[in-house]
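[1] below: sequence and its predicted model.
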Amino acid sequence: MREALAQRIQSVPPSGIRKFFDVIATMDDVISLGVGEPDFVTPAHITQAGIASLERGETSYTSNSGILELRRALSKHLARLYGVEYDPAEELLITVGVSEALFLALLSVVDPGDEVIVPEPCFVSYKPGVIFAGGTPVTVEAKLENGFQITASDIEKAITRKTKALLIGYPNNPTGAVMSRERLSEIASLAEAHDLIVLSDEIYDRLVYGVEHVCFSSLPDMRKRTIVLGGFSKDYAMTGWRLGYAAAPGNILDGMHKAHQYIIMCAPTTAQAAGLEALRNGEEAVQGMLHEYDQRRRVIVDGLNSIGLPCFEPQGAFYAFPSVQNTSLSSEEFSEKLLYDQKVAVVPGTAFGECGAGFVRCAYAASMVDIEEALGRMEDFVRKHRK
């Protein structure tokens, strides 16, 4: 029998994050700083909107593009926050999480042989998504000395005649970095000069601490060449509802819509009803969660630094990305031994790209009690394995 699996599937390794989660599932009493998921439950009024939708019998398909009322609310939401306007009928698509939106975007713009520049460290799906779409990911390192912000000069060095697009994700998973307006503007000028499409994953847009999040399409002349990817999972603690969106010019969104029609049909009806309530009345909940995350952020960053794991100060998302180079262990060894010896789960930085070597990701989407207990256990572990 011939080889059953396609080469593009075989060429992509299993997720480094999932491997650790599979181990955690077999253990008791583990404190997990590994899961990139809010520990908050969905706010009650948002959940109730979903329940009410079910009780009204709204269990059929919606429009492929999503409930028009939801798209109208999303259009107003983006205009209010970032000053960029999208036509609800032609330029917004409701998807099954931002993961679907990302894959649709790549399917729609990438041809075999096209190169897509992907700054690292980055979310684990970026490079596999490019490969599954038939393209070639070209990685560029976002360096600690630049606050893990990718620079236009580093991107430009990676551009070739085959370069079609740039895929960026800020606020960043796993580093927590947020791009400044100045650096984004330099990248925008580069995209214009080289005629690049920009895929901007902004799923953590509301989770920023004392800094501005800049929507890439709001920059001068960038709306025409940008696909903004976003969703409800992180801002509104709605991960399990699987609700995301894409915002793009009509000519690009048409292609995404076509793929979406054949692959998915539509996002879950109940989730869309809940998402509408989130946009209309969820701001107080967002601010409450943001305040709690900020408190945890300060505790975990200070704690990591104090126990000998130097940590860049994250300004967005809910991740800290400390260095483990003061220990005698690699990222993978540190994460594995910490899990088995102290029952604390973190994710090796190499799960997010080779340049993540020497770091681990710690999610502070956990209770303050768990964070403080984890830091205590990690202190004992670091003392044992210090160089």
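    Cool, the structure landed. Not measured: the values here are computed from a predicted model.
[2] now do the longest helix along the chain: distance to the chain's middle.
    Scanning the chain for the helix with the most residues, using DSSP state H, yields helix 283-306. Here helix 283-306 is found 18 Å from its chain centre; the criterion is Cα atoms, centre = their mean, to the nearest Å.
[3] parallel or antiparallel, which strands does the helix or strand just after it pair with?
    Of the helices and strands lying after helix 283-306 in sequence (DSSP states H and E), the nearest is strand 319-320. Partner strands and pairing direction for strand 319-320 (DSSP bridges) are strand 360-363 (antiparallel).
[4] so what touches the partner strand?
    32-37, 174, 300, 304, 318-322, 324, 331, 334-335, 346-349, 351-352, 374 (Cβ atoms under 8 Å, 6 or more residues apart in numbering). (Each C-beta comes from the backbone N, C-alpha and C, glycine too.)
[5] outline the domain layout of the chain.
    Segmentation of the chain into domains, based on automatic domain parsing, reads 7-42+284-385, 44-281.
[6] lowest average pLDDT across the ones you listed?
    Mean pLDDT across the domains of the chain is lowest at domain 7-42+284-385; the value there is a mean of 93.
[7] distance across that one, terminal residue to terminal residue?
    End-to-end distance of domain 7-42+284-385: 41 Å, with Cα to Cα, to the nearest Å as the criterion.
[8] repeat for stretch 136-152
    Between where stretch 136-152 begins and where it ends, there is a gap of 20 Å, by Cα to Cα.
[9] flag every buried residue along that stretch.
    By 16 or more other Cβ atoms under 10 Å, the buried positions in stretch 136-152 come out as 136-142, 144, 147-152.
[10] one step back: which ones among the contacts of strand 360-363 are found in strands?
    Counting by DSSP state E, the part of the contacts of strand 360-363 found in strands is 32, 319, 320, 347, 348.
[11] contacting residues around the residue lying closest to the last one once chain neighbours are set aside?
    Counting by Cβ to Cβ, 6 or more residues apart in numbering, the nearest residue to residue 348 once its immediate chain neighbours are dropped is residue 331, at 3.8 Å. With contact set as Cβ under 8 Å, 6+ apart, residue 331 has these partners: 324, 348, 349, 350, 356, 357, 358, 359, 360.
[12] can you check residue 138 too?
    Going by Cβ under 8 Å, 6+ apart, the list of residues near residue 138 reads 115, 116, 117, 118, 158, 160, 163.
[13] what's the burial count for the residue lying closest to the last one once chain neighbours are set aside?
    Leaving aside its sequence neighbours, residue 163 sits nearest to residue 115 (Cβ to Cβ, 6+ apart; 4.8 Å). By the other Cβ atoms under 10 Å criterion, the neighbourhood of residue 115 contains 19 residues.
[14] quick one: contacts for residue 58?
    Counted by Cβ under 8 Å, 6+ apart, residue 58 has contacts 269, 270, 273.
[15] mind checking which of these are in helices?
    Reading helices off those with DSSP H, I get 269, 270, 273.
[16] count of neighbours near the second one?
    In terms of burial, residue 270 registers 18 neighbours under the definition other Cβ under 10 Å.
[17] isn't it right up against residue 50?
    Yes - here residue 270 reaches residue 50: they are 4.7 Å apart, a contact under Cβ atoms under 8 Å.
[18] touching both of these two, which residues are there?
    Common neighbours of residue 270 and residue 50 (Cβ under 8 Å, 6+ apart) are residue 241.
[19] for this protein, which segments count as helices?
    7-10, 16-24, 44-55, 68-82, 97-109, 126-132, 152-158, 181-193, 250-263, 269-281, 283-306, 331-342, 368-385.
[20] so which of those comes closest to residue 199?
    If you check each of these against residue 199 by Cβ to Cβ, helix 97-109 wins as the nearest, at 5.2 Å.
[21] what helices or strands is that closest one leaning on?
    strand 92-95, helix 126-132, strand 163-169, strand 197-201, strand 226-231, strand 244-247, helix 250-263 (3 or more Cβ pairs under 8 Å, 6 or more residues apart in numbering; DSSP states H and E).
[22] starting at the chain centroid, how far to the first one?
    Once both centres are worked out by Cα atoms, centre = their mean, strand 92-95 turns out to sit 17 Å from its chain's centre.
[23] same deal with the fifth one?
    Its chain's average C-alpha position is 11 Å from that of strand 226-231, according to Cα atoms, centre = their mean.
[24] now swap in the last one and tell me
    Averaging C-alpha positions (Cα atoms, centre = their mean) puts helix 250-263 22 Å from its chain's average.
[25] tell me the angle of it relative to strand 226-231?
    40 degrees (axes from the mean of the first three to the mean of the last three Cα atoms, to 10 degrees).
[26] still on that earlier bit, between the ones in strands among the contacts of strand 360-363, which is nearest residue 80?
    Closest to residue 80, out of all of the ones in strands among the contacts of strand 360-363 and judged by Cβ to Cβ, is residue 319, at 26.9 Å.
[27] re earlier: redo the ones in helices among the contacts of residue 58 as a markdown table? Include distance to residue 192.
    Shown next, in a markdown table, are the ones in helices among the contacts of residue 58 (distance: Cβ to Cβ, whole Å):
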| residue | distance to residue 192 |
| --- | --- |
| 269 | 40 |
| 270 | 41 |
| 273 | 39 |
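[28] since that was my last question, I'll sign off now.
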